[in-house]
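S.K.: Using only what follows, build the 3D model:
(2 chains)
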Amino acid sequence: MEKDKNREKNDILDDVTTSEYKHGFVTEIETDIIPEGLDEDIIRLISQKKGEPEWLLDFRLRAFAYWKTMPMPQWAHLNIPEIDFQAISYYAAPKTKDAPKSLDEVDPEIIKTFDKLGIPLEERMHLAGVAVDAVMDSVSVRTTYREKLAELGVIFCSFNEAVKEYPDLVKKYLGSVVGYRDNFYAALNSAVFSDGSFVYIPKGVRCPMELSTYFRINAGGTGQFERTLIVADDESYVSYLEGCTAPMRDENQLHAAIVEIVVNDRAEVKYSTVQNWYPGDKEGKGGVYNFVTKRGICRESAKLSWTQVETGSAITWKYPSCILAGDNSIGEFYSVAVTNNYQQADTGTKMIHMGKNTRSTIVSKGISAGKSQNSYRGLVRVAPNADGARNYTQCDSLLLSAECGAHTFPYVDVKNKSAVVEHEATTSKINEEQIFYCNQRGIPTEEAVALIVNGYAKEVMNKLPMEFAVEAQKLLQVSLEGSVG
Amino acid sequence: MAASEQYKQLLEEHISLINKGACETMNIARGEAIKAFLKYGIPSQKEELFRHIDIEKIYSPDYGINLARVSQSTTNDVYRCSVPGLKTQTLYVVGDTPQIGEGQEGVEIMNMTQFTNRYPQLAQKYYNRLAETSTDGTVALNTALAQDATVVYIPDGATMKTPLQIVNILNSSTPVMVNRRLLIVAGKNSSATILTCEHNLSESATLATQVTEIYAGENSQIEYYEIEETSSTSYRVASLFAQQEANANMIIAPISLHNGQTRTNYNVTLSGKGANLNLTGLAICDNKQVADVYTNVHHSSSHCESNQLFKNIVSDEAIVSMTGKVLVDEGAVKTISQQSNKNISMSQTARIYTEPQLEIYADDVKCGHGATVGQLDESALFYLRQRGIPEAEARMMLMLAFADDILQRIKLEPLRDRLRTLIENRLRKEDIKCAGCTMCK
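M.R.: A predicted model of the protein is given here:
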């Protein structure tokens, strides 16, 4: 017995001393990680590993050459620490080997959040990055989806697959909305993008279900430089969901994604995002830097609607935009951005009215708590030929603490006399009378705040697809935890 | 860049001449200003705050500057600017030289030399103290070139009984640049009404720069009106800096009836508890006029209120731009701040840019801003036409109603009435010269 105990002790000691290996040094996927740094050779290597055609490598190299000439943008109301772009590894194989084997290995803090969000067990495993393939039997569900979509001619696959199977489509639309010269992070993404999603909805097809990255085969390991391309052909419709409400732990500090959407004549695309990357701890250490370029182009009578709930990331830099090129096209932007602790967000939209009788609506709700900084930055531009353009913008900010900041930077450029553009913004503290009223009725302050915030964000939440909305509502509550009292 | 070089060279070569024509207070400030100008230069259109006006182009012509202080005195018979029904004390600033007359009971109106001699400590305490904090190269250049200033001193408890009307006149057959300064020091419990009229009779391109500093002491009441009525060849770059102590009440109202290209900056700091600011502006622009306004209202103390309303009527190829920033410091609780910019666009080629901004670092605040760009209300037009009012007339009525919001905020009644007439004449494209004024005939 005594001996056994001793051996057990030794085993534990062994475990402890050798455990470091478990999380990184000796891994079988070593061969699939390329060294840190960024130069042309690295890009060739990435392209080669993916088995990409020549034209795509060319595209990457052109983007890289341009990126080298660009300075890092400083105009946002953000305090961005120096990022060493040479200290990042730009290609890593999917992390199946060092993924946690079961939920017991997952950070208990995350489990707690799952509980609060009420996420089903299987989903939790997937979200926490547990190797789910063997466990989760939703595989069949996915297959059914796939078959149904294929029947309608809808293409929904990973970007890499699309490059191989539908090169003509990808070649035609890649970079057509967000060119590699667009901005610093778009150029970076164009040079090194890892993977992403590709969606094509054929003419006249109404996609029968909400497409979500979550259901896509090979969704795992899209990495830090994601690229999404959605093409909705004439008179089609699709609703696309990105992200999920559960917190995503990620070691990648820098994320620079691109989303491009082409909405052809009379088509409609609804794009909903819930972003909840790791925001860093209470002292503001760590957290993801999220630099995203999202833009869609609307042809005649087309409609593009962006809905986003942003609660995560240490730094968010994101402006989902609509180019209203076709006559009678419509752009919408509904956003809730929550910042807590030391988070910083500079987010908003651009509505570029080019076609006649184009309409756009912007509703942005910012909520700042802790010591966070939350900015709305938006542009409404009416081109000289955009007769009858109409815009309505409303951006409200709610302040929950004495040390946070809320800022609004709207830009309105009008070059057409028939345009009607309205912008309204308010900033105020959470109403103490309302909290008092709730307290009086036995609702504790924290819950009262959640209640008020949810009411405040309702206008945007209502735009989310049902299943998303319920979770997003709980998410708001969780994100603001500890911000009161 | 070229424009900046030009002025750097001018300052290098003629610094002794400039200093000779000015008093010591200004020369001391000049030294620092030159350093600041070398650092900042003339802002280029690439800079965020100057995107809609080409300041470099405004500064680049080879202007003549009256550095040797050649006398430009004139008699009041030639220039007479008056507002019917409003009894004012008039002070003419010809070129950049104030024609100092007599003061008023309790209020002193001086040039810089007089101010320095009479109140050396005050001169040191107030001259350029607000303006020197600016990072705008045009402000530094004004300080570097200005040789005289108009100083209005209202001691503690004093009341300015007759409004002061400062008439800025520029009349030159060759391209000139004038650099004007105005310093208003209002003590505790004082009150003053000041009206500045901007006139330009020049035939050639001119550039008038002005830096105004206003110190509003505790519990003071200041009304400051600015009427711009110049010509299409006039360039104007003006910056106003104001600081309000506790419970100080201030109205700042710039009205631009006619201009060439104008850039105006209004920087107001509400630094005392309970201060109240009303910043109101109207610009009517047509042809190729440019009116570019930047406001920066800084709430650094609690319980202050600021209210901004800017309206523009734009037609032809005119460009109007309004960038307004409201900054609320941490701890400036119970702040109330409203900002609104409304524009009517009358032509396909007019350009309107509006950028209201809020930067808030305190929680217990009520801040809002709004911006609209649109046309006259079609249903209102229809209503009026139904009642037998011809379309042109109906449009006029609606435009006047649009402008009237601004006039409502002007407390000085005769001035309000006068402006109402002038605005109407302006919109009817009639001769808008002030009637009865020799200067305008």
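S.K.: How many neighbouring residues does the residue lying closest to A:L56 once chain neighbours are set aside have?
M.R.: Counting by CB to CB, 6 or more residues apart in numbering or on different chains, A:L56 lies nearest to A:V163, which is 6.2 Å off, once chain neighbours are set aside. (C-beta placed from N, C-alpha, C; glycine too.) Neighbourhood size, A:V163 [other CB atoms under 10 Å in any protein chain shown]: 22.
S.K.: separation between A:V163 and chain B?
M.R.: As defined by CB to the nearest CB, to the nearest Å, A:V163 lies at a distance of 39 Å from chain B.
S.K.: how close does that residue sit to A:D413?
M.R.: Noted for A:V163: a distance of 37 Å to A:D413, by CB to CB, to the nearest Å.
S.K.: Across the sheet, point out what pairs with the closest residue to B:T90 other than its chain neighbours.
M.R.: Counting by CB to CB, 6+ apart, B:Q165 is the residue found nearest to B:T90 once chain neighbours are left out, at 4.9 Å. The partner list for B:Q165 in beta bridges (DSSP bridges) reads B:T90, B:L195.
S.K.: ok, B:Q165 - contacts?
M.R.: B:Q165 makes contacts with B:81-83, B:88-91, B:194-197, as judged by CB atoms under 8 Å, 6 or more residues apart in numbering or on different chains.
S.K.: Tell me how far it lies from B:I389.
M.R.: As judged by CB to CB, B:Q165 and B:I389 stand 37 Å apart.
S.K.: now swap in B:Y294 and tell me
M.R.: From B:Y294 over to B:I389 (counting by CB to CB), the distance is 38 Å.
S.K.: try B:K20
M.R.: In this view, B:K20 and B:I389 are 63 Å apart by CB to CB.
S.K.: Can you report how many residues lie near the residue in the stretch 151-300 of chain B that chain A sits nearest to?
M.R.: Proximity of the stretch 151-300 of chain B to chain A (CB to the nearest CB) peaks at B:H299, 12.0 Å away. As a burial measure, B:H299 scores 31 neighbours (other CB under 10 Å).
S.K.: so what pLDDT did it get?
M.R.: As predicted, B:H299 sits at a pLDDT of 96.
S.K.: One more: A:V231?
M.R.: A:V231 carries a pLDDT value of 96.
S.K.: Mind jotting down where the helices sit in the stretch 1-150 of chain B?
M.R.: According to DSSP state H, counting those that start in this stretch, the stretch 1-150 of chain B carries its helices in the segments B:2-20, B:24-40, B:55-59, B:112-118, B:120-126, B:137-145.
S.K.: Nearest spatial neighbour of the closest residue to chain A within the stretch 101-250 of chain B, chain-adjacent residues omitted?
M.R.: At 15.7 Å from chain A, B:T135 is the closest residue in the stretch 101-250 of chain B, using CB to the nearest CB. Leaving aside its chain neighbours, B:T135 sits nearest to B:Y40 (5.9 Å; criterion: CB to CB, 6+ apart).
S.K.: What is the burial count for that neighbour?
M.R.: B:Y40: 18 surrounding residues under other CB under 10 Å.
S.K.: Likewise for the one 5 residues further on?
M.R.: The criterion is other CB under 10 Å. On that basis, B:Q45 has 12 neighbouring residues.
S.K.: and the gap between A:N328 and A:R390?
M.R.: Using CB to CB, we find A:N328 at a distance of 11 Å from A:R390.
S.K.: related to what we said a few turns ago, between B:Y294 and B:I389, who's got more neighbours?
M.R.: Applying other CB under 10 Å to B:Y294 and B:I389 shows that B:Y294 carries more neighbours, namely 20 against 15.
S.K.: Just checking: what are the partner strands of the helix or strand harbouring the more buried one?
M.R.: Applying DSSP states H and E as the criterion places B:Y294 in strand B:290-299. For strand B:290-299, the paired strands and their directions (DSSP bridges) are strand B:261-270 (parallel), strand B:319-328 (parallel).
S.K.: which stretch among these comes nearest B:I344?
M.R.: When the strands paired with strand B:290-299 are compared by CB to CB, strand B:319-328 sits nearest B:I344, at 10.2 Å.
S.K.: quick check, distance from that closest one to the centre of its chain.
M.R.: Chain-centre distance of strand B:319-328: 15 Å, with CA atoms, centre = their mean, to the nearest Å.
S.K.: Quick one: work out the angle between the next helix or strand after that strand and strand B:261-270.
M.R.: Proceeding N to C from strand B:319-328, the next assigned helix or strand is strand B:335-345, under DSSP H and E. If you take axes from the mean of the first three to the mean of the last three CA atoms, to 10 degrees, strand B:335-345 sits at 170 degrees to strand B:261-270.
S.K.: Phi first, then psi, for the residue lying closest to A:G388 once chain neighbours are set aside.
M.R.: Spatial nearest neighbour of A:G388, chain neighbours left out: A:N357 (4.3 Å); criterion: CB to CB, 6+ apart. Taking degrees, to the nearest 10, you get phi 50, psi 40 for the backbone angles of A:N357.
S.K.: Could you verify my assumption that A:N357 touches A:L324?
M.R.: No. Counting by CB atoms under 8 Å, A:N357 does not reach A:L324; the two are 9.7 Å apart.
S.K.: picking up where we left off before, pLDDT score assigned to the residue nearest to B:T90?
M.R.: For B:Q165, pLDDT reads 92.
S.K.: buried stuff in stretch A:316-327?
M.R.: A:316-327 (16 or more other CB atoms under 10 Å in any protein chain shown).
S.K.: Among those, which one lies nearest to B:A123?
M.R.: Minimum distance to B:A123 across these is 48.4 Å, recorded for A:W317 (CB to CB).
S.K.: mind listing what the residue of the stretch 151-300 of chain A found nearest chain B touches?
M.R.: Per CB to the nearest CB, A:N183 is where the stretch 151-300 of chain A lies closest to chain B, at 15.9 Å. Taking CB under 8 Å, 6+ apart, we find A:N183 in contact with A:70, A:73, A:293.
S.K.: next one: B:D54
M.R.: Counted by CB under 8 Å, 6+ apart, B:D54 has contacts B:Q45.
S.K.: follow-up on the earlier one: so can I have TSV of the strands paired with strand B:290-299 showing mean neighbour count?
M.R.: Output for the strands paired with strand B:290-299, formatted as TSV (neighbours: other CB atoms under 10 Å in any protein chain shown):
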stretch	mean neighbour count
strand B:261-270	24
strand B:319-328	24
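S.K.: Quick one, which of the ones you listed gets closest to B:L419.
M.R.: Nearest to B:L419 among the strands paired with strand B:290-299 is strand B:261-270 (17.5 Å), distances taken as CB to CB.
S.K.: per-residue confidence for A:E8?
M.R.: For A:E8, pLDDT reads 55.
S.K.: do the same with the one 4 residues further on
M.R.: Taken from the predicted model, the pLDDT recorded for A:I12 is 50.
S.K.: and residue 286, what are its phi and psi?
M.R.: I'll assume chain A. phi 70, psi -160.
S.K.: Count the neighbours of it for me.
M.R.: Quick note: A:G286 (other CB under 10 Å) scores 13 neighbours.
S.K.: Look up how far A:G370 lies from it.
M.R.: Look at A:G286 and A:G370: by CB to CB, they are 15 Å apart.
S.K.: One more: B:G281?
M.R.: 38 Å.
S.K.: Please identify which of these two sits among more neighbours.
M.R.: Per other CB under 10 Å, whichever of B:G281 and A:G370 has more neighbours is B:G281, with 24 against 18.
S.K.: ranges for the strands of the stretch 301-441 of chain B?
M.R.: For the stretch 301-441 of chain B, the strands defined by DSSP state E, counting those that start in this stretch cover B:305-314, B:319-328, B:335-345, B:351-360, B:365-374.
S.K.: Ok, which of those comes nearest A:I83?
M.R.: With CB to CB, the closest approach to A:I83 among the strands of the stretch 301-441 of chain B belongs to strand B:351-360: 24.7 Å.
S.K.: Report the angle between that closest one and strand B:290-299.
M.R.: Using the same axes, to 10 degrees: strand B:351-360 against strand B:290-299 is 10 degrees.
S.K.: For strand B:351-360, the averaged confidence score.
M.R.: pLDDT averaged over strand B:351-360 gives 91.
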